[in-house]
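**Student:** please work out how this folds:
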Amino acid sequence: MALRRKQLHVEHAYRQVSAELEAQILDGTLRPGDQLPGEVEMAAMFGVNRSTVREGIRRLESEGLVRRVSPRRLEVSLPRAKDLASRHTRALRLMEITFLELWNVAIATEPLAAELAARAASEANIAALLENQQRMIAVVDAGASPVELDTAFHTLVADCTGNRALTLAREPIAVLLFSGLEVLVPHLPQAPHRQIVAHQKVIDAIRAGDPDTARDWMRRHLEDFRRGFELAKLPLDAPIMPLAQRQVEQ
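**Tutor:** Coordinates of the predicted model:
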C-alpha cells in the first residue's frame with residue numbers, strides 16, 4: 001500500500017481530504033485491509049492541519065470506507081450492505097418517492113430475486129425462510145405488526161441468490177415499499193394473512209428448485225399488494241412517508 005502525496009489548498013479542505021482518499025480507494029491504490037498513515041503524517045502529505053484530516057476521515061468512517069481498528073490505527077474497509085441500503089432509503093424518503101415509483105421497480109426486482117433464489121438457495125437459506133415464515137404466522141396471529149418480518153422475508157429471498165448486485169439494488173426500494181403494509185392493514189385486515197399464503201408459495205417453489213413458479217408467485221404477491229392499496233383507496237402517487245408520520249396522521 002502506498003498513499004499518493006497531494007497538496008491541498010482549498011476552502012473546506014476536509015472534503016478534499018475525504019474525496020482524495022475515497023478516489024484512491026475506488027481506483028485500487030488503497031485496498032480493504034490496508035492501514036492508513038497516522039493523522040499527523042497525512043496532514044503533512046496533504047499540506048493541511050491535523051483537524052482537517054480528522055474531519056475528512058470522519059466522513060469516510062460514516063460511509064463505511066474506513067474503520068478505526070484502534071484509537072490510533074485506521075484501515076480501509078468495505079461498506080456493509082445494510083449501511084448502504086439505510087442511506088439510500090433515507091434519500092428516497094427525502095425525495096418523496098411515491099408508492100407507484102417504488103412498486104414499478106419492485107415488480108421487476110422481486111420476481112427476479114425469487115427466480116434466482118430457486119436456482120441457488122442452500123439448505124441454510126431455506127431454513128432461514130421457513131423460520132421467518134413461522135415467526136410471521138405467530139406475529140399475525142397475535143395481532144402484531146408483520147412489517148419487519150415481511151421486509152425480512154424479501155431480503156432473505158434475495159440473499160438466496162448470492163447475487164450482491166441484486167441485493168444492493170433492491171434493498172432500499174423494498175424496505176420503503178413494504179413499510180406500506182403498516183398503512184394498508186387498518187383498511188384491509190386480511191392483508192397479512194394473504195402475505196403469509198404468498199410467502200409460503202414462494203418458499204415452496206424455492207425449496208422445490210422451481211424458478212418459474214417462484215417468479216410467478218412473487219409477481220402475484222407484488223400485484224396483490226398493489227391491488228390492496230387500490231381497494232383501500234390509498235393514493236399510489238403519494239410519497240411514502242416514514243411510518244411514524246403515517247401512524248400519527250391516522
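**Student:** OK, contacts around residue 53?
**Tutor:** Residue 53 sits next to 14, 17, 39, 42, 43, 46 when contact means C-beta atoms under 8 Å, 6 or more residues apart in numbering. Quick note: C-beta positions are derived from backbone N, CA and C, even for glycine.
**Student:** lowest pLDDT pick from these?
**Tutor:** Among those, residue 14 carries the weakest pLDDT, at 85.
**Student:** how many other residues sit next to the spatially closest residue to it that is not a sequence neighbour?
**Tutor:** Of all residues not flanking residue 14 in the chain, residue 55 sits nearest, at 3.7 Å (C-beta to C-beta, 6 or more residues apart in numbering). As a burial measure, residue 55 scores 16 neighbours (other C-beta atoms under 10 Å).
**Student:** residue 55 should be in a helix, yeah?
**Tutor:** Yes. Residue state for residue 55 (DSSP: H, G, I helix; E, B strand; the rest coil) corresponds to a helix.
**Student:** could you check how far it is from residue 39?
**Tutor:** As defined by C-beta to C-beta, to the nearest Å, residue 55 lies at a distance of 10 Å from residue 39.
**Student:** with residue 191 instead?
**Tutor:** Residue 191 sits at a distance of 53 Å from residue 39 (criterion: C-beta to C-beta).
**Student:** from the contacts of residue 53, pick the one nearest residue 5.
**Tutor:** Nearest to residue 5 among these is residue 46, at 7.9 Å by C-beta to C-beta.
**Student:** is it true that the closest one touches residue 17?
**Tutor:** Yes. Counting by C-beta atoms under 8 Å, residue 46 does reach residue 17; the two are 5.8 Å apart.
**Student:** quick one on the thing from earlier: scan the contacts of residue 53 and report the most crowded one.
**Tutor:** Of all the contacts of residue 53, residue 17 has the most neighbours under the rule other C-beta under 10 Å, reaching 25 neighbours.
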